[in-house]
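A.B. asks: here is a sequence together with a model predicted from it:
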Amino acid sequence: MVSFQIQPELTLLMPVKFTWVGMYPNNAEALIAWKGVSHTKVDDAHYKYVIVHLHKVLEPELEDS
């Protein structure tokens, strides 16, 4: 099991499996990749693909310009 925090007061315990699709220089290219992989699993409710904005994770205090 993997433990990770969503909020400081809330911790989830669940098995987690990640599929790495890639890193992209901009949101437009990430969206194209996301559509490609998410459409392959459209009938499987156990899969969810998301675009993670690493700059927001690594430096949350910076606002988008």
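C.D. replies: Alright, I've got the coordinates.
A.B. asks: longest helix in the protein, please.
C.D. replies: helix 27-40 (DSSP state H).
A.B. asks: what comes into contact with that helix?
C.D. replies: Contacts to helix 27-40, defined as CB atoms under 8 Å, 6 or more residues apart in numbering, come from residues Thr19, Val21, Gly22, Tyr24, Tyr47, Tyr49, Val50, Ile51. Just so you know, the C-beta spots here come from the backbone N, C-alpha and C atoms, and that holds for glycine as well.
A.B. asks: doesn't Val21 fall inside a helix?
C.D. replies: No. Read with DSSP: H, G, I helix; E, B strand; the rest coil, Val21 is coil and lies in no helix.
A.B. asks: could you list every residue that touches it?
C.D. replies: Val21 is in contact with Ala33, Trp34, Val37, Tyr49, counting by CB under 8 Å, 6+ apart.
A.B. asks: as TSV, those residues with distance to Pro60, pLDDT and neighbour count would be great.
C.D. replies: Output for the contacts of Val21, formatted as TSV (distance: CB to CB, whole Å; pLDDT from 0 to 100; neighbours: other CB atoms under 10 Å):
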residue	distance to Pro60	pLDDT	neighbour count
Ala33	24	91	15
Trp34	22	88	16
Val37	26	87	13
Tyr49	22	81	15
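A.B. asks: and the next helix or strand past the longest helix of the chain?
C.D. replies: Following helix 27-40 in sequence order, the next helix or strand is helix 54-58 (DSSP states H and E).
A.B. asks: what about dumping the CA coordinates of that next one to CSV?
C.D. replies: Taking C-alpha atoms only, helix 54-58 is exported to CSV below (Å, rounded to 0.1, in the frame of the first residue of the first chain):
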residue,chain,number,x,y,z
LEU,A,54,4.7,19.9,-12.3
HIS,A,55,5.5,23.6,-12.0
LYS,A,56,2.5,24.0,-9.7
VAL,A,57,3.5,21.0,-7.6
LEU,A,58,7.2,22.0,-7.3
